[in-house]
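S.K.: using only what follows, build the 3D model:
(chains A and B)
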Amino acid sequence: MIHGVLIFNTSGVARLTKFYTPLHQSPQTLVQKIFSLVSSRPPGLCNFLDAPELEAFLGPKKKDDERWRVVYRSYATLHFVFVVDGAESELGILDLIQVFVESLDRTFENVCELDLVFHFDEAHHILAEIIQGGLVLETNIEEIDASVHQATKARKESFASANPLALGVGGLGVRGVNQTPLGWLTGKLTGVGAR
Amino acid sequence: MWERTLQDLIRGLRANKKDESKFISKAVDEIRMEIKSEDMELKAGAVLKLTYLDMLGYDMSWASFHVVEVMSSPRYHLKTVGYLAATQTFNQDTDVLMLTTNLLKKDLTSAPADVAVTLNGISHIVTPDLARDLSHELLTMLTHSRANIRKRAVLVLYKVITMNPDVAERAIARLKEKLDDPDPGVVAATVNVICELARRNPSDYLDLAPQLFHLMTTSPNNWMLIKIIKLFGSLSPHEPRLVKKLQPPITELISTTPAISLLYECVHTCIIGGMLQGANGSNLARLCVSKLAAFIQDSDQNLKYIALLAMVKIVPTHPHLVAEYQDTILASVNDQDISIRMRALDLVSAMVREDNLQSIVQQILSHLVQDTSSFVSPTAAQSLAQNAILSSPGSSKSNIRPTQSPAYRLVLCERILTMCSQSMYENVTNFEWYLSVLVDLAHIANVDIGKAIRDQLVDIVGRVKSARRYAVKLMYSLLSDDSMLLNAQDEGSCSEVLWAAAWICGEYCSELAEPQKLIPYFLRPEMSNLTPDIVAVYLQAAVKVFGYWAAELAQRWSWANDDLPDVKEIVDSMVVGMKEFVTSPHIEVQERAANAIQLFNFIQADLSAYPSKATDHTGEQSDETMFTDEPNFPKSLFLLNPLFASEFNPVAVNAQASVPVPAGLDLDAWIVPPPVVNGTADQEAGSSDLKKVKKSKKGKGKEITANGTKGKKKAVGREMEGELIPSEPAETAEERAERERVPYIHEYLVQRKAERLERLKDDPYYIIDDKPPPKPTEDVDSIPIVRLDDMPSLIPDFKDMGPPILRDRPPSLEPTVIDRVGEMPEGAIASPPLPQQSSSRPSTPAQSSFPTYDVAEDIEIPRTNSVDPIKVTRVKKKKGTGKKKPTVV
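M.R.: Numbering: from 1, shown residues only, chains lettered A, B, ... in the order given. Next up, the predicted model:
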């Protein structure tokens, strides 16, 4: 099964952390460890992170088949990391990361790091349409997209009915809804890759 | 109205990077206010902010109750916030989960969107209790009209089944039905769950094979196919017929599928599912290996990686097939990618055989060497290496570097050791080569592997007699090499190897032409760099080397070559050198040094008294005839020779367990009966007499232990002097009746005593509040101590072979020549009866040649005539201590 999904940027700041099994240490240290290993790998190497330092981090050494593996893919400023065990196909997980990223891309339209920064809850909702409790729920992008849309719509309707006077303002909208010019500016000034 | 939203919080965080903690503590204060608000909207906003902060590592467990509040909101957009927070932060120990049962039940019956969120939430937060309470609702969800909900319900069931085995049976039955669901997504989810479950307990799912087989041959969904193939991988080892059935379609898939992930899973399943046996199997195996080999040679690093992963599993059954690609695989050990290297190392160590071991080890060693040479400053070198890789991804030398991490070096070192030592050095043909590899490794490892190398060195020298000579030579150079000693305190210096060096040189100094030259190396002031256990071995080695050399000298003593000044000089230097360590704070070192000094003082005295004696004799007798009368050399030269009384041999793992219990030894019998009598008396006496009773009890306890120790001492000699035996029963005769009851009432008595003390506590006339606790421990102590004194001499001599005290109590002797594989286990197992005892004598050097010196004789006699190893060692030990006293005094 899938034990964790992490997204962090090229400076090691977590953008999304999701764990499906209890960890031996705090998620932050794990992110830091994986980040330090992933970021030292030049492009062109394989997508499987396998380092002696890691084994101590992912729990005691078990049977080979139960060993946790770290599969990662890097897109622009973001690293997408899946921690899985032997029940998952390594290449299948690589495809799944692609599916996840494409789903994000469809929802956010040209997803970039800032989308994940300001809508981390939305990213979680999308992930929940792909993986539930560590097991893969759906791999078909169309299906995922449809469910995401449905859920987003339901949230919007619910919000609207609760705040009849609000003009789409609220903490739960999709991108653009709540982006004031000033906010956009601060975002630009501090730059992508910073918190 | 003016509260921060999540976006405001994030923006604030980005704007306040310099003073983040201050900003966050302020934000958390606000959140604490908001979260208590009546306004659900505000509360949900606060929870969402907390969830974000939780990701950054700030604790939000204090807010779990509020999370549940938000979860219970009827508004969908708020409910999702609550469930998100719950999935992110709740764990099995979150106490508010108990409150959620009814909430979850209610949510499962509301609108489909709510149900989806709830199911997703449950699969994260489910506990055994929740699993039990919600199982009914969740099972009904399996027949929900929407496929999306059914899918989620199937996945939730996995968690429910793993959490609560009581529900499992019912749930699994319902789950199996879902393989026939009209929606392919639900079927895929079901396969997914069954695949997970079957990994734990494959035999329960064998009956699904036909259905799965049908799915495998008809479904177009690659993801599900992969899962089904994986599932068959865990099922087929439990059902041989399945293998036959699966072989054709899987072979078909392997040769036709365009999806590499599916192809790989098929190959993988063939390997782990045991489909490569039999007539058809070998063809399939060839096909699999050729596919994997193609992967390894592929430019795609991912394929390379997984191919190596699968190859490891095929090596045990089809080593010859993999061996064809040995060169390709060895090349991957040099890959620039550490992930691939790790897996290649795995594979390579699985492939090791006699004929390729040396080349493989040499290659791994070369990695370590290259890395150390560039080990100036790791970070700089690393970045350089990375640049080098980026610029020239083909060149071999520069791209070996990204792997300087100590952890990787440690893995390399461990791999070398395990590769060579596996199944008792099965693959090592040339031990001189391996010994030098070990020494090289100690020099270049630069990680903390010294202990393992030390153990291997000692082990090899013990097991492989033919390698001793070379080992001593190597160790000599190691000891005389300053660098190791001076750097001993550096991390990764592997100074433990010096332990082995000292031990081996001390033990087998007979291989050296001039052992006395080694002595100065054992007494250098720089040794303070070493850890105390190594120093202790050094000192012991010094004594041993001297002992051997002196005895040898004495044997060829003559007036022609005057060795006396040499001996004197060395003895003096020994005394001086040892003095350094007498004040060592480490008891082991201190004691050894102190002992040695006493012995050498004695030798010194004897030597200085010698010349005058000698001149008396030389006039009258020739050297040869002296043999029978007085020796013509200083007698004290033989003082330390008994250190070589026997040889150390490897001891079989179960040697100790196979030591027979000597006749008449009843391990269950009380050696010192516990003080029961008084306990019972006490009971009857009542509370008025308590003080008195207690006193008498104390006295008696002592008496008994005294008897015990007396008995023990006698017991040691008992086997020789029969008369002592009756004396012990005489004393215990009265108590025997009670003694037999003891084990049963003992516990009860202890309890009674505790009760009594409890009563006394409240009695103002007894000021014993503080006393009682120590007293019972005293009582308890006195019993085992007595027993321990008696027992250890029975067993431990067989036990350990490594520790520095080796010298003092040699283990049972096996004369068997331990060539390579160490026949030792058999020898040791056979040894308890000790059939070969007598034959062991010849192997001990220079022992019987000088009957004048009674030390050697003393040790020897008990050993030869003993039948029972336990008695032997005990007697020997006793005599040994007895022996020393007279000589020293």
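
S.K.: point me to the residue of chain B nearest chain A.
M.R.: With Cβ to the nearest Cβ as the measure, B:Ser123 is the residue of chain B nearest to chain A, at 3.0 Å. All C-beta atoms are positioned from the backbone trio N, CA, C, and that covers glycine.

S.K.: and stretch B:322-335, what's buried?
M.R.: B:Val322, B:Tyr325, B:Gln326, B:Ile329, B:Leu330, B:Ser332, B:Val333, B:Asn334, B:Asp335 (16 or more other Cβ atoms under 10 Å in any protein chain shown).

S.K.: nope, stretch B:144-151 is what I meant
M.R.: Buried residues in stretch B:144-151, counted by 16+ other Cβ under 10 Å: B:His144, B:Ala147, B:Asn148, B:Ile149, B:Arg150, B:Lys151.

S.K.: stretch B:54-66 too?
M.R.: B:Asp54, B:Met55, B:Met60, B:Ala63, B:Ser64, B:His66.

S.K.: ok, now stretch B:309-321?
M.R.: Applying 16+ other Cβ under 10 Å to stretch B:309-321 flags B:Leu309, B:Ala310, B:Met311, B:Val312, B:Lys313, B:Ile314, B:Val315, B:His318, B:Leu321 as buried.

S.K.: before we move on, what about stretch B:652-671?
M.R.: For stretch B:652-671, burial by neighbour count (16+ other Cβ under 10 Å) applies to B:Ala652, B:Ala655, B:Gln656, B:Val659, B:Trp670, B:Ile671.

S.K.: same check, this time on stretch B:267-281
M.R.: Neighbour count says stretch B:267-281 has B:Val267, B:His268, B:Thr269, B:Cys270, B:Ile271, B:Ile272, B:Gly273, B:Gly274, B:Met275, B:Leu276, B:Gly281 buried, by 16+ other Cβ under 10 Å.

S.K.: which stretch of helix or strand covers the third one?
M.R.: The secondary structure element spanning B:Thr269 is helix B:260-272 (assigned by DSSP states H and E).

S.K.: that helix packs against which elements?
M.R.: helix A:90-108, helix B:222-235, helix B:240-256, helix B:278-297, helix B:301-314 (3 or more Cβ pairs under 8 Å, 6 or more residues apart in numbering or on different chains; DSSP states H and E).

S.K.: closest point of chain A to chain B, which residue?
M.R.: A:Gly133 (3.0 Å).

S.K.: from B:Met351, how far out is the closest residue in space to B:Ala259 that isn't next to it in sequence?
M.R.: The shortest distance from B:Ala259 to any non-neighbouring residue, by Cβ to Cβ, 6 or more residues apart in numbering or on different chains, is to B:Asn222 (5.2 Å). According to Cβ to Cβ, to the nearest Å, B:Asn222 and B:Met351 sit 32 Å apart.

S.K.: next: A:Val84.
M.R.: According to Cβ to Cβ, A:Val84 stands 27 Å off from B:Met351.

S.K.: same deal with B:Thr118?
M.R.: Distance, B:Thr118 to B:Met351, by Cβ to Cβ: 52 Å.

S.K.: which residue ranges make up the domains of chain B?
M.R.: By the assignment in automatic domain parsing, chain B contains the domains B:1-89, B:97-200, B:352-376+B:398-512, B:677-715+B:727-794.

S.K.: adding mean pLDDT, write the ones you listed out as JSON lines.
M.R.: Formatted as JSON lines, those follow (pLDDT from 0 to 100):
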{"stretch": "domain B:1-89", "mean pLDDT": "87"}
{"stretch": "domain B:97-200", "mean pLDDT": "90"}
{"stretch": "domain B:352-376+B:398-512", "mean pLDDT": "83"}
{"stretch": "domain B:677-715+B:727-794", "mean pLDDT": "51"}
